[in-house]
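Peer 1: Predicted coordinates and the sequence they were generated for:
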2 protein chains.
Amino acid sequence: MSADRLIRKIMEKKSVLCVGLDPVVEKLPESLRKDIEKGGKTLEAAADAVFKFNKVVLDAIEPYAAVVKPQIAFYEALGVPGLEAYRKTAAYAKALGLYVIADIKRGDIGTTSEAYAQAHLGYTDILGEKRRAFESDAVTINPYLGDDSNHAFSQWAAKEDGMTFLLVKTSNKTSSQLQNQKIGERCVFDVVGDMLKESPFAVKGDFGYTPLGAVVGATHPEELSQLRSSLEGCFFLIPGYGAQGGSADDATQGFDARGLGAVVNSSRGVIYAFGEEEDFGAKIAEAAKKSRDDLNAALERAGKKYWEA
Amino acid sequence: MSADRLIRKIMEKKSVLCVGLDPVVEKLPESLRKDIEKGGKTLEAAADAVFKFNKVVLDAIEPYAAVVKPQIAFYEALGVPGLEAYRKTAAYAKALGLYVIADIKRGDIGTTSEAYAQAHLGYTDILGEKRRAFESDAVTINPYLGDDSNHAFSQWAAKEDGMTFLLVKTSNKTSSQLQNQKIGERCVFDVVGDMLKESPFAVKGDFGYTPLGAVVGATHPEELSQLRSSLEGCFFLIPGYGAQGGSADDATQGFDARGLGAVVNSSRGVIYAFGEEEDFGAKIAEAAKKSRDDLNAALERAGKKYWEA
């Protein structure tokens, strides 16, 4: 399998925008916060409000984005009811035809990563019955445990026509602390990149991309450009655009000459764009449209028009 | 805060055994598998059986272990019902007085790790109400994103008298792929060790240990011994003993001269020790007792009798 399914969605939507779904209770619209108060400020009430919010967000952004990325941590913080809201959110997004990248950043010894992969990319075998725990098209994964872990995920991605996105160079401030340490002339993140290039699962599809993607932050445009050259065939998920400080022009460094090979994530910049307004769906749609156009304009400036590819 | 609360439990129980709770449906006792069949082989039926199993396991091992380590991946594979079984398992273990290390291996950018830390070490603030999503005393965390991530967890550990265990050198086969890469004369895992030593949260308690622990596998006894010297004051969680191939004598390399500073995990070797027998609780208790005695005997051979410390 490959990245073809994802790339076809991008070309169909004419959008490289990925919208991050990172719900935080105190940032919800006032009407939903009132519902939580009425519900006794419980985990259940908060989780219900989050799912209601996400449905409005998903309906609003659907015309302008091909991909969404729920960040499971914010649902885990709401306990079991939060994880039910996560499950329903991912299922609702898939039903709308959006490509769902579960931002889980999991990684463990082989047998344990296998359980995570079943949970998020595949299914769990319960005495012969296949049951899906959560639904997503792709997952983010952590490289620290090496290929025992990576391959457990890649195998399920291959089986289910999904994808994995390995953390290579993250967008946060202390990403350099370990990731930029020098191993000879190269960086730790280059060695992680090798895992992607040398994997038996790195099979290219019609557009030249494998199902083994990488997370590379927009906040480090030089490294993004360098990794674009060294990781040919590897699709990028680019966080850090918008609220974290990366610009659309920075993000274009992660695309190939055809304007393919990446999606750019914005979370807070889109889903909390409503300020004091109660008609928050319209404001979120506007912000998503603006981000899509911003990215497309930057790609055009860079001579990378994927919509003509 | 520090590792004092954990060390006091170890000394009270006279046991350095940590029992891993890694439930897998097909390995459950026959009576519980029959319940799952009767329940339609659903996620709910599987999760119910897992919690019943865990209660028997916890009652059985409680006299012989100070610490338990539920591996959340195996619960996540059973979806939302599985995570409810996870929540109840951790709560039941705490009610029995066991020290609970949530084996979650999370790590993300700062604001996201903060959400994970609230979920597992602290509480979530829902418009002014404090709600606990899951209950545990400590968590395992992944170093790839650096101190933005580490500190979000350490801060909550300090606030709640809990602990964090940073992955330093894991027990799996491909752990060397990244962890043993050479940065100058040192290994990647040594640089990760520096994060523990240089953290502002590395404050020692009465026994000389900080709340910032490390995961170091028993399957690499030389590195375990070397890290014991270099990471003074850092408490070790040692996986890889038993089913993964590490011996009790190997594991003693992770202890200080007083026999303190580590717990040794066994999962499959204890919880699946019942073979065909229906009285599985008694068999599991026997296996836990045997593992405890095996570890204590190895420490005695090494001249590290913590029960006399």
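Peer 2: Arrived safely, thanks for sending.

Peer 1: switch to C-alpha atoms for all contacts and neighbour counts from now on
Peer 2: Noted.

Peer 1: tell me which element A:Arg8 falls in.
Peer 2: Using DSSP states H and E, the element containing A:Arg8 is helix A:4-13.

Peer 1: Return the set of buried residues in the longest helix belonging to chain A.
Peer 2: Longest helix in chain A, counting residues (DSSP state H): helix A:280-301. By neighbour count with 16 or more other C-alpha atoms under 10 Å in any protein chain shown, helix A:280-301 contains the buried residues A:280-289, A:291-299.

Peer 1: Please name every helix or strand in contact with that helix.
Peer 2: When contacts are defined as 3 or more C-alpha pairs under 8 Å, 6 or more residues apart in numbering or on different chains; DSSP states H and E, helix A:280-301 packs onto strand A:17-21, helix A:43-61, helix A:248-252, helix A:268-271.

Peer 1: Minimum distance to B:Phe236: which of the ones you listed has it?
Peer 2: Of all the helices and strands packed on helix A:280-301, it is helix A:43-61 that lies closest to B:Phe236, at 33.8 Å by C-alpha to C-alpha.

Peer 1: any residues touching the closest one, and which ones?
Peer 2: A:19, A:21, A:23, A:25, A:28, A:32-33, A:35-36, A:39, A:75, A:78-79, A:81-82, A:84-86, A:88-89, A:92-93, A:271, A:281-282, A:284-285, A:288-289, B:126, B:131, B:133 (C-alpha atoms under 8 Å, 6 or more residues apart in numbering or on different chains).

Peer 1: what angle separates that helix from helix A:280-301?
Peer 2: In terms of direction (axes from the mean of the first three to the mean of the last three C-alpha atoms, to 10 degrees), helix A:43-61 departs from helix A:280-301 by 50 degrees.

Peer 1: which parts of helix A:43-61 are buried?
Peer 2: Here helix A:43-61 shows A:43-51, A:53-61 as buried, counting by 16+ other C-alpha under 10 Å.

Peer 1: Show me what from the stretch 151-300 of chain A comes close to chain B.
Peer 2: A:170-179, A:181-184, A:188, A:191-192 (C-alpha under 8 Å from any C-alpha of the partner chain).

Peer 1: Go ahead and build a PyMOL selection from the buried members of those.
Peer 2: In PyMOL syntax, the buried subset of these is picked out as below (16+ other C-alpha under 10 Å):
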select buried, chain A and resi 170+171+172+174+175+176+177+178+179+181+182+183+188+191+192
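
Peer 1: Inside strands: which ones of the residues of the stretch 151-300 of chain A next to chain B?
Peer 2: Secondary structure defined by DSSP state E assigns A:182-183 of these to strands.

Peer 1: mind listing which of the residues of the stretch 151-300 of chain A next to chain B are in helices?
Peer 2: Within these, residues falling in helices by DSSP H are A:176-179, A:188, A:191-192.

Peer 1: would you list these in a markdown table and tack on pLDDT?
Peer 2: Compiled in a markdown table, these are given as follows (pLDDT from 0 to 100):
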| residue | pLDDT |
| --- | --- |
| A:Ser176 | 96 |
| A:Gln177 | 97 |
| A:Leu178 | 97 |
| A:Gln179 | 98 |
| A:Val188 | 98 |
| A:Val191 | 98 |
| A:Val192 | 98 |
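
Peer 1: ok so, going back, in TSV: the helices and strands packed on helix A:280-301, plus mean pLDDT.
Peer 2: Listed next are the helices and strands packed on helix A:280-301 as TSV, based on pLDDT from 0 to 100:
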stretch	mean pLDDT
strand A:17-21	98
helix A:43-61	98
helix A:248-252	96
helix A:268-271	94
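
Peer 1: could the ones you listed go into JSON lines alongside distance to B:Tyr116?
Peer 2: Formatted as JSON lines, the helices and strands packed on helix A:280-301 follow (distance: least, C-alpha to C-alpha, whole Å):
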{"stretch": "strand A:17-21", "distance to B:Tyr116": "15"}
{"stretch": "helix A:43-61", "distance to B:Tyr116": "15"}
{"stretch": "helix A:248-252", "distance to B:Tyr116": "28"}
{"stretch": "helix A:268-271", "distance to B:Tyr116": "18"}
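
Peer 1: Please name whichever of these is nearest to B:Val67.
Peer 2: When the helices and strands packed on helix A:280-301 are ranked by proximity to B:Val67 (C-alpha to C-alpha), helix A:43-61 comes first, at 28.0 Å.

Peer 1: Can I get the closest one as PDB, trimmed to CA atoms?
Peer 2: Taking Å, rounded to 0.1, in the frame of the first residue of the first chain, the C-alpha atoms of helix A:43-61 are listed here in PDB:
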ATOM      1  CA  LEU A  43     -16.100  14.400  32.700                       C
ATOM      2  CA  GLU A  44     -19.300  13.200  31.000                       C
ATOM      3  CA  ALA A  45     -20.700  16.700  30.600                       C
ATOM      4  CA  ALA A  46     -17.300  17.900  29.300                       C
ATOM      5  CA  ALA A  47     -17.000  15.000  26.800                       C
ATOM      6  CA  ASP A  48     -20.500  15.600  25.500                       C
ATOM      7  CA  ALA A  49     -19.800  19.200  24.900                       C
ATOM      8  CA  VAL A  50     -16.500  18.300  23.200                       C
ATOM      9  CA  PHE A  51     -18.300  16.000  20.800                       C
ATOM     10  CA  LYS A  52     -21.000  18.500  20.000                       C
ATOM     11  CA  PHE A  53     -18.200  21.100  19.300                       C
ATOM     12  CA  ASN A  54     -16.300  18.700  17.100                       C
ATOM     13  CA  LYS A  55     -19.300  17.900  15.000                       C
ATOM     14  CA  VAL A  56     -19.800  21.600  14.300                       C
ATOM     15  CA  VAL A  57     -16.100  22.000  13.500                       C
ATOM     16  CA  LEU A  58     -16.000  19.000  11.200                       C
ATOM     17  CA  ASP A  59     -19.100  20.100   9.300                       C
ATOM     18  CA  ALA A  60     -17.500  23.600   9.000                       C
ATOM     19  CA  ILE A  61     -14.100  22.600   7.800                       C
END
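
Peer 1: ok, now how distant is A:Pro302 from A:Leu295?
Peer 2: Not quite, residue A:302 is Ala, not Pro. Counting by C-alpha to C-alpha, to the nearest Å, the gap between A:Ala302 and A:Leu295 amounts to 11 Å.

Peer 1: Hmm, I typed the wrong one, I wanted A:Glu185.
Peer 2: 33 Å.

Peer 1: for A:Gly39, same thing?
Peer 2: Look at A:Gly39 and A:Leu295: by C-alpha to C-alpha, they are 40 Å apart.

Peer 1: ok, A:Ala218 touching A:Ser247?
Peer 2: Yes - here A:Ala218 reaches A:Ser247: they are 7.4 Å apart, a contact under C-alpha atoms under 8 Å.

Peer 1: These two - which one has more neighbours?
Peer 2: A:Ala218 (32 against 18; other C-alpha atoms under 10 Å in any protein chain shown).

Peer 1: what secondary structure does the more buried one sit in?
Peer 2: coil (DSSP: H, G, I helix; E, B strand; the rest coil).

Peer 1: Likewise for the one 4 residues further on?
Peer 2: Look at A:Glu222: counting by three-state DSSP, its state is helix.

Peer 1: Report how many residues lie close to the closest residue to it other than its chain neighbours.
Peer 2: Spatial nearest neighbour of A:Glu222, excluding adjacent residues (C-alpha to C-alpha, 6 or more residues apart in numbering or on different chains): A:Gln253 at 7.9 Å. For A:Gln253, the neighbour count with other C-alpha under 10 Å is 24.

Peer 1: what do you get for A:Lys159?
Peer 2: 11.

Peer 1: residue contacts, it?
Peer 2: So A:Lys159 contacts A:Met1 (C-alpha under 8 Å, 6+ apart).
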